[in-house]
Structure formats: structure tokens, C-alpha cells
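Enquirer: Quick one: sequence plus predicted model below, questions after.
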Amino acid sequence: MTTIGQPLDRVDGGVKTTGAAKFAAEHFYPGLTHAVLVHATISRGRITALHTDEASAVPGVVAVLTHLNAPPLKPAPKPGAFNLTVMFSGTSVNYLQSDEVHWEGQPIAVVVAETSAAAREAAALVRAEYTVTKSVVDFEGSEQDARPQPNNPLLPRGAKKGDAEAALKAAPVSLDLRYTTPPQNHNALELHATTANWDGDRLTVYDATQAIDWFRTHLALRFGVPRTNVRVLAPFVGGAFGGKSAIWPGTILAVMAARATDRPVRLVLSRESVYRTVGGRTPSIQRVALGADRDGRLTSLIHTSITRTGPIGGPFEQVTAASQHLYAAENILARHDLVSLDLLPNTFMRAPGEAIGTFAVESAIDELACELGMDPIELRMRNETAVDPIGGRKKFSHRRLRELYALGAERFDWHERNPEPRSTRDGRWLVGTGVATAFHRALTLPVNVTVRLSADGGVLVRCGFHEMGMGAATAQAQITADALGVPFDAVRVEYGDSALPLGPFAGASAQTASVAAGVVQACEELKQTLKSMARKTGGGTNEEILRRAKVPHVEAVVGSDTRLGRIAGRARFLPNFLLDAQRWVKAASGVHFCEVKVDAETGETRVSRWAGVFDIGRVINPKTAASQMRGGIVMGLGLAMAEETLVDPRTGRIMNPSLAEYHVPVHADIPPIDVSFLDDPDPKMPLGILGAGEVSTAGVGAAVANAVHHATGKRVRDLPITLDKLL
Amino acid sequence: MEIELRINGSARRLDVSPQVSLLDALREYLGLTGTKKGCDQGACGACTVLADGRRINACLALAVQYQGREITTIEGVDHPLQEAFVRTDGFQCGYCTPGQICSAIGMLAEHKDGAPSAATEHLAATGGELDDEEIRERMSGNLCRCGAYNGIVSAIKEVAK
Amino acid sequence: MKSFSYVSAPDTGTALRTIASNEDVKFLAGGTNLVDLMREGIEQPSTVVDITRLPLTGIEELPGGGIRVGALVTNSRLAADPLIRTRYPVLAQAILHGASAQLRNMATVGGNLLQRTRCMYFYDESAACNKRAPGSGCGAIGGFSRGGAVLGASEHCIATHPSDMAVALVMLDAVVEVESVRGTRRIPVAEFHRLPGDTPHIETVLAADELITAVELPPVPVAANSRYRKVRDRASYAFALVSVAAALAVEDGVVTEVRLALGGVGTKPWRATEAERVLLGRPAAEEAFRGAAEAELAAAEGGTQNAFKIELAQRTIVATLRRLLTDGSAA
């Protein structure tokens, strides 16, 4: 009997459908207060005056914290190769510690009150005066100032093979194209929220976070208390998508407010405050140039990107990451350039790099296929590769793109299409189909896990991982059940708490495989223990062995959460990661097949059919995994067709910080999405798992753009594909 | 000011200022946190509750205005939709789920009453079939950022049968 | 949200006396727009008079075939009303294409007429907006103006009126009935909303002490053959980029009656009188539809971001008329 591979219902289905699941803003303390942020309305300068009297006079206001009266806060940690927490500081600004303003929207005050209504009313009454200094906030207008990205072992500046520019010039067929994508925001439906309570110098925080341990370490450092004094809990997270991996001002200011007022504080960001203080996806300007012979064999592949970062932070977006591994081009150039802007730093958002990079490269491949008069799948197959195109010696641990294309084409009836653009009509609708590749590197992170088997047959798995909707606990219960040979229902999983053994951050699609590695190892150790116990006391069931040995339970511990254990873990991780990366390319992959209908007169575009086929290695739970694939596709459809954060280039102010004016897909936008898996374990990943969180978002933008081109004959190279671009 | 609300069949007295929304009254004053806040401006549907059986956005309702109305929140719901959502995996993070379920209950009642939607082909006719397109249009006031829309539609179809 | 005092009016007389004797009073009905605007600090009344207990909830047939709709009838109830669905399908359709089911269950007819623009610069307290803060300028001109109006705009304001329902009402020559302590008056919907000119903050002709009590729909036989077409960025739950309310009567291939109104393109719900004039008596065919649409949009002016609406509006007018001709009414 195996439970892995079974489409089991989620273990948290009951609490999530009855309102019983408690999110970060839903924990109560006696005397709880409510905090609200006040934002700067200039992009750079100094505060010359802050008027807080009116705010303080609102009945119920407990405190108005500003840089003039806020308690001290230690600065954000400086970057260091072994200190990953630094990546998880949303900005390098030390909040409320000086009169400096670094971005439009920076918190300049926190109002704490007995009710959230009073806090909001008072926050609206805080008035600031500024002196404004020159700032640069216009991304497109700064293109000529782009500079090469500094190199970083984890986030490389680019890659190169041969002389791609010369090969492009010499190619019989060539394209040199520009693609642009706008900033986007995660818009997890749960507003970022923190409930903070100090008890002496011990801190308890409920936070909407996908990085419990980094939050704990970071908060301990900023507030000058031992790490062991801080407990961070996130039993349920209402969607995250990368937006809840860095520590943004709201969390820090809630903890600060609790310390300053000596009261428990809940800070729920308004949707506008989420936009103003939590970074989103970088905009991009990309160049994709392809050179090929008349048979479609690529002689040159150039993919360069300009994204934004700034003096106060922002990660380096790996826009060309997928392009470096997809095609057997003789010459390749991939490069990441940056412009520095005085804006809220961007951050990781579902499939960072790949989501927007694949829009460009997979659109360009389609454009080349049109140029050559070749089926776009055939063009891809002619350039399929068994070894990494740049590394040469590097092998793919798993490469099933041919099978994926074959399976998807069959499920979608791809070959029924008339390849001629604008050739298919259904009443007022122009119908088109498009295809694109999805690709996302796989990764594992160090974890600590304990697995305990009790004499009553129950199994308890403990690990501080995160549940944001992936069905994480359900998958780990299935893995445990099979590893120990016990029923699924016998396994209980504890997660979402820094008091548990250290879990990985829930990002980079790495959580399931990382935790699985620990769980499997712990279960193996547990079985060994049971075996040796059985040798002494005689065989039988697990329960009998424990009863005869007169022990209530046995436990296996993987990893160590001591300071030394953590340092050792980190010291092992980075060299292993880099060594492994030199030998293997591990990645989840997939293919999207999209059908759109475009109103011939108005340009309204509806996605009418979708098939996604994926190689995510072993599939633990096909029901929840398919949901994750669909979710990634839906987010990709938002990216393709609607989403755009509007940053006013005159002021640096986000002008549509709301779900009314920033359009995410609604029910009516989404057709039934057909998902299938190869379900073929990867030989180099724990349990063969390649990660499911992000791969399905990659490629969606291109699949839609290619289908729209097929339907209308119009090529849109600037996201989102709104109807005005099709008129 | 002292007000009385009827929530899930029982009378609840609370002291709120007139600014307090029905949503904040439920979440902050009554501890009924099953109803969610996603935008606080009627743009996401996470706060959907039933008032006298009709679905509304609790974030745009002042608590004081809803005295005397029968309010049903997810905590007061016991409906086959809940199990259907689990079977069809009609959620991921679970944050929009209470709003989706309350909204779907209201929607099924509206359809039963013969109310048309923007997807209804012939407005004069009543009692049209609740097909995928109708469900999707009628549920479009409830965003799901995890993208569990397919599962939600399946759950509703299962129960509507 | 600024503190305010709350009064629940037991009858219309009390509501009218309260607003007549106090500054800074707002009537509260469905709350779908007002509560949002109060939360954003754009509306800051010191007193809110809850009018939802007033007896303004009837939908009555009038002698002569018209219908009188109480101001507190919810949007969803009006759209579901059998008389509205058969006699004025364009109105039912317009309402159903607005907002979401939840919002339509709350929003009222009177409130819908008074809803304020969705222009981002109006909604952002720190931005320049002549509508919100007279004399402060217009951030949308030269800023994000994709949603901006191409008809009826001025150098002071390009904000569109967001209502779908009002577009159908203006097409139907509906009349707004208003009441104050000074008496009752009737205002054609077409004259209810004002063009921005140099006073964009004055949006309607409603006086500060007046309450909308009803909307009267005159008998419009041609409306039995009518449709509402909304073009927007999402398939649902989005404001219009362009919308068209249309009713058409054709005899022997000739247009004998036509009514057209536009949403999403004008600073007020836009009756397309020029298009109607051009089309009347012409053959009911593509070319005439196109000519009428061009005539209506001849005076339109767009900037780099919203100029597409001029062509889109013309195409949508043509498509809606064609659909009426081929498929008939939405009823």
C-alpha cells in the first residue's frame, strides 16, 4: 500500500472550509492594540516637520511613533555569503530611525490605538513636511543608464558561449527583438499581518510569512535579543507567492510598536500599504536575438535583460535563467543589466526571472518559427539538447521535453491547427493556439526534522515549514506514511512554528523536496532503531516492539538547531550547492498549450482552452499538485493579460494600489485547465521531487502571446496583452 | 454606541463607533475571524457574508446599519458545499474560501429565484441552467489568488445538481 | 475614516429636515461607494443619515406603460424584475454588467446615479485632482489616463462617469425624482450629470439638501429590442473601457427608431444624439452604423493612453447595432 501518488483530500480541508483556520491577524491577546502605518508622499528627501497632535488626540490612540520618538532599532544586516537572512530584508532602511525618506510610500509613522478604526482615523491625520531631493524613479526613462549586474555565486550576471553577436550577423535567418514587461504585485489575498507580543525580552510573533526561521533570526538581530527568545508562528498563510519571504517594514514596526507601548500589537496592512511597503516583481526590458539556419537550427541565442534595483536593495532577477538551458544553440549570450531607482525594492514573485524571461524567449522562438514557416514544436525539437547548452559537460538530471511536447500535442489536438495566422474564426471570435515551454530550476535547502512513533501507532512529524496553500502537510504525511509503512491517517504533521525543528523557507519551489529529504532520512533512522529494538525484544508490529521495550515512543532527529548545528548546516549547504550546480542541471519543466478567442472588432481576449503537461519529477499528491499547476497558470494568465502596477514616472508613486484597479483574473477569465504529469522521479532529487510551486507560471505569457498572434496576426511584445494593443 | 446584531441565529451586543464596518465588528469585536479582509473596498469578495440570506460585502457595510438583519457568517454555515470544496480541491491557502462558500450559497439561492446574470442569454426567460459560464460570471465577485477557480466551479456544480 | 454621527431616518420628512438644517450631511443607502470614499478620506461627512428604512423600495407600473422605481430598490432587484427584463432589457443587462453580485445586492438605484469617478488621481489623496480638491490641477492629464474620457472632458478634468446603469437610463430618457423640504422636482437623467468644465467638483444638478426618491422610466416601446454591450479589461468585475446601450427599430430595412448611449468614454453618461440623428431613416446596414458611430465620435479627443477608445467606441456601436439587427433583443 502506498499513499504517494494518491489524490488524497487535504488534511486542513475541514478548518479551511469552516472558518476555523486562524491566520496571522486572527490571534488575540488581552489588551490587544491595533497599529496602522503612515506613508511618505515624496520619493526622496528629508522630513522637516511631523504634525502628530491631531492624531494623538483621537480617542483611543495609544501612541504615534515617528523617527523623533521611536525606540532604537539595529540596522539591517549587511550582505554576506553565508548569511542568507540578509536576502530577506526587504529594504536596507532602518525604519523610524532618521528623517530620511528613501522611497514614495516609506513608513514615516506608526499609529497604535485601542481599535483599528481609531488607528486608521488617526493615521490619516498625521501631516508631514519635507525637503525634497532629486530622485530617479522612471524605469523606461533610465534605460540608457543600465549597468551590468554585479556577479554573485547564487545569482549570476549571465553566461556566454562562443561569439553570439557575430553568429547572429552571419545567420541566414535572424531576429532581433525587444520585449517589455511591467511591474507586478503578488496580491496574496491575505493582507500582510503581524500580531506581536513581548513578555519581558521574549517575543512572540504571528506573522504572514513564508520564512519563519529567517524572520526569527532577523527580528532577534534587529531588536537585540537572543534568537532563542523569539518565537515566530505562521500556522496558516493566506497566499504568499514570494511576497511574504522578505521581512518588510510592517513586521518590524509591529514588533517595535509592541515594545514601545508595552502592549500586544496587531498590524494588518491595508491593501494600499501592501503596495507601498511590500515589493513586487521588477519591470523588465529584454532583448532576444536569434540566428538560425534555414532548417531552424539555432546558431545564435542572445537574451539580455534590464531590471531594476536600488540603493536600498532588491534582488537580482534571473531573467535569462531558462534561456541558458533550453536550446542547443552554437553561440549563446545571456546577460543581466540593472538600473538603480529610488523606489521600494522589488522582490521575488512566483517564478522570478523565468516568468518574464520565458515570455520573451518563448515568444521569440515562436516568431522564428513563423519566419521559417515551421511548426513551433518542430523548431523546438530540432534544437532540443541532452547536455546543458552552455556548460557543455553539465548534464540534465532529467530532461523530458520531447515526451512533454508529444503528450501535450495529443491532449490538445495541436496538429489540427491551421498554422496560418488569422485563419480560424468562430462567429465574432478569431481563434488561435499557441505553445510555450516552462522551465524552473530545482533546489533543496537544509532542514531539521523529527519523526516520532508512539506505542499507540501514531506518528508525529515536526518541522517548521509553511502552509500557504500547497498542501504541504498533506504531502509530508503521505511521504511519512509510505516511508514508515503506516496508514496515512496515523500521521500527524506539525508545522508553521519556529519552536519546531528548523524548516526551509517556502520558496524556490524547494520546500516539499527539502522536507521530504529530512523526513525520509528520519524515517530510515527510526526503522533502524525499531529493527535493533526488535532484535532484542523480538519482532512484531511497531506497536508491539515499543510495548515490549516499555517505551512510550521512539524518535529520530535529523539536523541540529543548535548554533553550531546551524553554522555547520550552512557551511555544508553552499559548497554542496555550488558543486552540485557545476555537475547537474536539475529543473522542473512543462509545456503550455493555449487557445484564445479574440473579438475581431474590440480585441477582447478570452482564454478558451488550456492544457499543461509537466515534469515535476515524482508527484506526491496529484490532486494538490494539479491545483498548484492550475494556480501557477492562473497567475501567469494575470501576467499575460491584465496585471500591471502603475508607477507614476513623475513621482514614483504607485497609482493603482488596489484590487479594483490592479486586475487579477476573476472566475469568468479562467476556463477549465487540463493538467497532466509525467510522474517520473528525478534521479538526483530527494524522492525524485523537482518542485511544483513555480514552473507552471513560466511560459504562460508566451503561450498566450503566441496564441494571440496566431488568432489575429498581431504580435504583442509588451505585457500585459490588453485589447488596446490589438485594435 | 451600543448596537445589537443578529449573527448566526443569536443576538450579540457590542459597543462600536459608527465607523466600524460589519467586517471589523465580526473580526475584531466578536472574534468571528472566519470572515476575511482582503481589500476593505469591495474589490475581492473575501468578506462575503449573508444578510437575510443575500450575499453582501461586509467591508462596505457599517455595522450600525445592519441591526435587525439576520447575518450568517461561515461560522454559522453547515452546507454540502463545504465538503464539496474539499473533494474538488476548491481552495489552496484557504483565505478566500469562507467568502467563496458564503457567496456560492447566496448565488444558488439567487439562481433558484430566477435571477439572471450578465451571462444569461435571454433575460426574459427564468430558470436557465446553471452551467460553467453562468457559475463563473455569478462568482466573479470572489477573487482567488491561488487560482483554485476550476475546483470551486466543480464544487458548486456538484452541489447544484 | 473620520468620525461622524449616525442617524437612522425613520421617514423621508426627517431625512430631509436633517439634511436641510446641517452642513456636511450625507445620505447613506447601500454604502458601496460612500463607505469606500469615506474610508479613503475623500468624503468626510460629520453626519451620516441612514435612509435605508425609508419607504422608497417600490417598483410600480405607471398608467401609460412607464415604471416608477423607488430610489432604494437594489440594483440586483431591479435587474431581476420581470417587467424590467421584458420592457427594458438594456437596463437589466447594464446593471448585471456592473460590479459584482454582492455589490449589486447592496447598491441602490439612487446611489448608483451618484457614484463618483474611479479616476486614480481622484482616489489618491496625495495627487492633484480638481474634482476632489478644486484648483489643485489634474494628475490624470499627462499621467495614467487610459481610463480617461474622450467625450465631454475639459482641461481641468478627464474623469469618466463609472456607472453602467446610468448609461441605460440616459438612453431610456429616464427622469430622476428628487425631494427636499422645498418641494419635489423632476430632472431628466440626461440633465442630471454635469460636464466638468471648470468646476469638475460639481458633478450633478442635485442641490445639497435634495434626496433622490425615485427614477421614472417612461414607456419606450423600442426598448423591448435593446441591448447593453460592455467592453472591459476582465471578463467580469471591471469598469467599462467602452459600453454601448442601444435600442433599434427597423421597418423594411430602414431604421425607424434608434436610441444610443455610451459609457466609459464620457465625463457623464453619454447620450449619442448625433449618431441617432445620422442613423434615423437610413438603411439598417453596416455602412450606416459606421457612419453614425463616426459622427458621434467626430468631436472626441484622446491622449496617447486613451485615444484607442475613440476607435473602440465606434466599433462597439457598430457591433451592438449589428447584433440587435441579427439576434434581436437581449430579452
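Expert: Structure's in. What do you need?

Enquirer: Can you report how many residues lie near the closest residue in space to residue A:283 that isn't next to it in sequence?
Expert: Leaving aside its sequence neighbours, residue A:283 sits nearest to residue A:183 (CB to CB, 6 or more residues apart in numbering or on different chains; 4.6 Å). Using the backbone N, CA and C atoms, a C-beta is placed for each residue, glycine as well. Per other CB atoms under 10 Å in any protein chain shown, the neighbour tally for residue A:183 reads 22.

Enquirer: those strands in chain B, which residues are they?
Expert: In chain B, the strands defined using DSSP state E lie at B:2-7, B:10-15, B:48-51, B:54-57, B:70-72.

Enquirer: Would you mind pulling up the elements that the fourth one packs against?
Expert: If I follow you right, that is strand B:54-57. Contacting strand B:54-57 under the criterion 3 or more CB pairs under 8 Å, 6 or more residues apart in numbering or on different chains; DSSP states H and E are the following elements: strand B:48-51, helix B:97-112, helix C:101-106.

Enquirer: what does the average pLDDT come to for the first one?
Expert: Spelled out, it's strand B:48-51. In this model, strand B:48-51 has a mean pLDDT of 98.

Enquirer: Please apply the same query to stretch C:115-124.
Expert: On average, the pLDDT along stretch C:115-124 is 97.

Enquirer: ok, is it in contact with chain B or not?
Expert: No. Using CB under 8 Å from any CB of the partner chain, stretch C:115-124 stays clear of chain B, coming no nearer than 9.7 Å.

Enquirer: Now tell me what touches that stretch from outside.
Expert: The contact list for stretch C:115-124 (CB atoms under 8 Å, 6 or more residues apart in numbering or on different chains) reads A:646, A:653, A:655-656, A:658, A:660-661, C:32-33, C:37, C:40, C:42, C:127-129, C:131-132, C:138-140, C:143-144, C:147-148, C:158-163, C:203, C:239.

Enquirer: if we go to 7 Å?
Expert: With contact meaning CB atoms under 7 Å, 6 or more residues apart in numbering or on different chains, stretch C:115-124 is reached by A:655-656, A:661, C:33, C:37, C:40, C:127-129, C:131-132, C:138-140, C:143-144, C:147, C:159-163, C:239.

Enquirer: now swap in stretch C:159-170 and tell me
Expert: Residues from elsewhere that reach stretch C:159-170, judged by CB under 7 Å, 6+ apart: C:75, C:90-91, C:94-95, C:97-98, C:112-113, C:115, C:117-119, C:122, C:131, C:140, C:147-149, C:189-190, C:193, C:200, C:215, C:228, C:230, C:239-240, C:243, C:245, C:261-269, C:271.

Enquirer: how's chain B carved up into domains?
Expert: With domains defined by automatic domain parsing, chain B comprises B:2-76, B:80-160.

Enquirer: Next, format those domains as JSON lines and append distance to residue C:322 and mean neighbour count.
Expert: JSON lines is the format used below for those (distance: least, CB to CB, whole Å; neighbours: other CB atoms under 10 Å in any protein chain shown):
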{"stretch": "domain B:2-76", "distance to residue C:322": "34", "mean neighbour count": "22"}
{"stretch": "domain B:80-160", "distance to residue C:322": "17", "mean neighbour count": "23"}
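
Enquirer: Need the per-residue pLDDT for the residue nearest to residue A:283.
Expert: For residue A:183, the model assigns a pLDDT of 98.

Enquirer: Low-confidence stretches in the chain?
Expert: If you meant another chain, say so; for now it's chain A. Within chain A, the ranges that satisfy pLDDT under 70 run A:1, A:79-87.

Enquirer: actually it's chain C I care about, not the one you picked
Expert: Counting by pLDDT under 70, chain C contains no low-confidence segment.
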